[in-house]
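Visitor: Sequence and predicted structure below; questions after.
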Amino acid sequence: MAEKKASPFFRFITKVFKRLERFVFALKTMLTPRQFIYLSCVLVGVSSALAVIFLKTFAHWVYTSAQYLDGYLHLPYSNSLLPVIGIVLTVFVVSKFLDGSIQKGTSHIMYAVAKNGGILPKKQLYSQIITSSLTVGLGGSAGLESPITITGAAFGSNYAQNYRLNYKDRSLLLACGVSSGIAAAFNAPIAGVLFAIEVVLAEISITAFIPIMISAATGALISTILLNEDILLSFKNVKEFDYHNIHFYVVLGLLSGLVSIYYARTFRKLENFFDKSKLGTYRKALLGASLLAGLIFLFPTLFGEGYLSIKTIANNHPEKILDNTLLANFKDSKWILLLFVGITMLVKVFATGLTIGSGGNGGNFAPSLFVGSYLGFVLAYFVNLTGLSKLPVTNFTLVGMAGILSGLFHAPLTAIFLIAEITSGYELMVPLMIVSSVSYAISKRFEPYSFDIKHLADKGEVFTNNKDKNILTTLDLSKLVQRNFKSISNSENLEELVEVIKTTDEVIFPVLNDKNELEGIIYLDNIRSYIFTPFKIKYTTISEIMEQPKEIVFYDETMETVMIKFEKSNITHLPVLQKGKLIGIVSKQFVLEKYREKLKEMIIE
């Protein structure tokens, strides 16, 4: 039976890409390395921005279609059904076409930089686009920014691999893809640059700013040209900052920090529930999606990213948010509106947790903006209703977004400049700085690690706020263990050990039993008085001179704990055990040599 030939269109696209690839390879030979990086950051920026435009346009189209259907049927149930379909389809695609797994969250980008040489698998070029389109595009209560950043990072990483660039350039182009994605998603190039530097790259030199800025500018430009402005999260009716309201902004910062902690801990509990669930993949998806459907039935604004609902409460007619809900007849009641928005704010984390935990793909960037905007609205609206003051609801709605984003992701600079850019000005710069910094301080006090890397930090796999720890996590203990060591049996005597010493330059000799289990250690420095005395050599047993090791390294330990054991014991060589058996020796000098090599690699210039 003859094989099915590819379609003419597919063959044409493949041919175009191959020609483009050959052209770029030719340019690489003609340009200097730095010039080629500048060209590459533009190409990566364009690719990432086009992926953003596809995702955002599709999600917006589904949302508006669902809203039209709701308006036509005058019932909110249609919004409830679409996310169920989307999550089940996502699970189907992952299980059938993506090897049963897909990376979620920007922590995987940081892990790739810190532990995997800046390499992301090729399937991330398309898997995030497909699955997040199905999940969020069909109403799953999550965000597209996390899939966008992973896709952008994958474009940068695989581009660098294809053109045989080194680790520094791979990591740099990975960050370029991230900055372009965020810049295109919000038409906010400065926020894109800061997000790439503040969240993804822990260590970066000034010269690396230029490629990242070029990519961010490219992404924002492509977004401006091709993306419909209605899809973008932008605001025009911002009022001037009134310093008389400063104390209310401080309160908003405090509340943002507390809500960020609530969001992070609640989401992790939901995630752990689904991870530990013994239900099958599809049953888990149906359970989570069904619960999500119930929430969306009661609170239709939980449908999708929620950016249009943010625009609704930020304008002068927030009561429109009750359209097509069970409370539509109470639109004239301001207290009902306040209660609805407040409950929706608290429930959002459950909706997002159900969406992602049950098998859907999305992120928490958009939900954090959703929760922040609702929190700012609730505070300002409540103060106005009670007559305590007259606050600008729009301003508090916008500044609240920065508060939750800063507290949840520990990215205050990204939060400040993102809101400043989407409001087309810097009128809110002072309250943004106040709310973001207060929220960050509160959240950091109770949650030392940002929301996205908490699970990695718990395992000691990545630290973005400490250079030494970050570099140590890139060192693999299994590759640092000396396995061809000289050992000795407890039944032997010192004469036999002296013969072993003559044939090696090792300074530590493990004593093993017949099961390869460690019984003790002999340090060469401690037995010199014995080996130079013939009488002692002949009549001293191994058990008399061996010592119990001051520290033992276990195979699954992190390099950080290994270095701590070196310092505590003041010993330069430590035994390494796996399942109770000795597998080798780790040397402090060898570890430090590898550390210095990694240090040179990881400074991105």
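Guide: Looks like it arrived, so ask away. Numbering: from 1, shown residues only.
Visitor: can I assume residue 424 is in contact with residue 236?
Guide: Yes: because the distance of 6.8 Å satisfies Cβ atoms under 8 Å, residue 424 is recorded as touching residue 236. For glycine as for every other residue, the C-beta is placed from the backbone atoms N, C-alpha and C.
Visitor: between the two, which one's more packed in?
Guide: Legend: neighbour count by other Cβ atoms under 10 Å for residue 424 and residue 236, higher for residue 424 (12 against 9).
Visitor: Identify the residues contacting that one.
Guide: Neighbour list for residue 424: 234, 235, 236, 238 [criterion: Cβ atoms under 8 Å, 6 or more residues apart in numbering].
Visitor: Backbone dihedrals for it, please?
Guide: phi 60, psi 40 (degrees, to the nearest 10).
Visitor: Mind giving me the PyMOL select for the contacts of residue 424, buried ones only?
Guide: In PyMOL, this line selects whichever of these come out buried by 16 or more other Cβ atoms under 10 Å:
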select buried, resi 234+235+238
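Visitor: Listing request: residues of the stretch 451-600 of the chain with sub-threshold pLDDT.
Guide: Where the stretch 451-600 of the chain drops to pLDDT under 70, the residues are 457-471, 473, 491-493, 599-600.
Visitor: sorry, back to before: columns secondary structure, distance to residue 13 and pLDDT on top of the contacts of residue 424, output as TSV?
Guide: Shown next, in TSV, are these (DSSP: H, G, I helix; E, B strand; the rest coil; distance: Cβ to Cβ, whole Å; pLDDT from 0 to 100):
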residue	secondary structure	distance to residue 13	pLDDT
234	coil	33	78
235	coil	39	79
236	coil	40	76
238	coil	44	81
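Visitor: Just name the closest of the contacts of residue 424 to residue 584, please.
Guide: Nearest to residue 584 among these, counting by Cβ to Cβ, is residue 234 at 58.6 Å.
Visitor: could you measure the closest one against residue 186, distance?
Guide: According to Cβ to Cβ, to the nearest Å, residue 234 and residue 186 sit 8 Å apart.
Visitor: which neighbours do these two share?
Guide: residue 422.
Visitor: what stretches of the stretch 251-400 of the chain score poorly on pLDDT?
Guide: Regions of the stretch 251-400 of the chain meeting the criterion pLDDT under 70 are absent.
Visitor: just the strands in it please.
Guide: Taking DSSP state E, counting those that start in this stretch, the stretch 251-400 of the chain contains no strands at all.
Visitor: where along it do the helices fall?
Guide: 281-298, 307-314, 334-357, 365-386, 393-409 (DSSP state H, counting those that start in this stretch).
Visitor: Which of those sits closest to residue 107?
Guide: The nearest among the helices of the stretch 251-400 of the chain, by Cβ to Cβ, is helix 393-409 at 10.8 Å.
Visitor: Spatially, what comes nearest to residue 232 if we skip its sequence neighbours?
Guide: What sits nearest to residue 232 in space, not counting adjacent residues and going by Cβ to Cβ, 6 or more residues apart in numbering, is residue 187, at 5.5 Å.
Visitor: biggest helix in the protein, by residue count?
Guide: helix 33-73 (DSSP state H).
Visitor: still on that earlier bit, please identify the most buried of the helices of the stretch 251-400 of the chain.
Guide: Mean neighbour count (mean count of other Cβ atoms under 10 Å) peaks for helix 393-409 among these, with a mean of 30.
Visitor: Give me the angle between that helix and helix 365-386.
Guide: 140 degrees (axes from the mean of the first three to the mean of the last three Cα atoms, to 10 degrees).
Visitor: Fine, thanks again, bye for now.
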